[in-house]
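>>> Structure of the sequence below:
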Amino acid sequence: QVQLVESGGGLVQAGGSLRLSCAVSGTIIAMNYMAWYRQAPGKEREMVAIITDYGSTTYLESVKGRFTISRDNAKTTVYLQMNSLEPEDTGVYYCHANKVITTATGPPINYWGQGTQVTVSS
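Below you'll find the model as predicted:
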């Protein structure tokens with residue numbers, strides 16, 4: 001069973017920084033990518049940043065130049081460094097593992113963490 005546990009959220013003033021972490025546990029043979037999503041009150045969940053198994057990254061246009069997604073060499077933790085935070089960045093941030101293969105014959109499965117709240121005050 002794969003588990004994703006986020007941490008690092010909190011309350012910060014506009015212009016401040018936060019670093020989110022996502023600890024990945026369980027047996028993983030392969031996966032498509034890891035990502036951070038966020039969901040603001042009354043809005044749909046949106047992709048913030050993606051990092052592929054090869055290290056390629058993709059960002060939501062509004063966070064480019066401010067946020068950086070990375071992971072450790074063992075691929076057990078994924079980070080989201082958030083700088084120059086704006087009130088519009090407020091929301092629950094979710095870690096996502098896409099199309100994870102855990103056995104030689106099993107189907108790929110998507111996993112989500114429980115989410116961590118980020119609140120940016122103006």
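>>> confidence score at Gly106?
Gly106 carries a pLDDT score of 87 in this model.
>>> Is it located within a helix, as I assumed?
No - the assignment for Gly106, made by DSSP: H, G, I helix; E, B strand; the rest coil, is coil rather than a helix.
>>> Near Thr102, how many other residues are there?
17 (other C-beta atoms under 10 Å). Glycine gets a C-beta too; all of them are placed from N, C-alpha and C.
>>> With Val63 instead?
Residues near Val63, counting by other C-beta under 10 Å, number 22.
>>> before we move on, what about Gly65?
Gly65: 9 neighbours (other C-beta under 10 Å).
>>> and what of Thr57?
Other residues close to Thr57 by other C-beta under 10 Å number 14.
>>> And for the one 5 residues further on?
Under the neighbour criterion other C-beta under 10 Å, Ser62 is assigned a count of 13.
>>> quick one: it is in a helix?
Yes - under three-state DSSP, Ser62 falls within a helix.
>>> So it sits against Leu85, correct?
No - look at Ser62 against Leu85 with C-beta atoms under 8 Å: they stay out of range, at 11.8 Å.
>>> separation between Gly26 and Thr105?
Separation of Gly26 from Thr105 (C-beta to C-beta, to the nearest Å) stands at 17 Å.
>>> actually Tyr54, sorry about that
For Tyr54, the distance to Thr105 - C-beta to C-beta - is 25 Å.
>>> Could you do Glu61 as well?
39 Å.
>>> can you give me phi and psi for Arg19?
Taking degrees, to the nearest 10, you get phi -120, psi 120 for the backbone angles of Arg19.
>>> residues in contact with it?
8, 79-82 (C-beta atoms under 8 Å, 6 or more residues apart in numbering).
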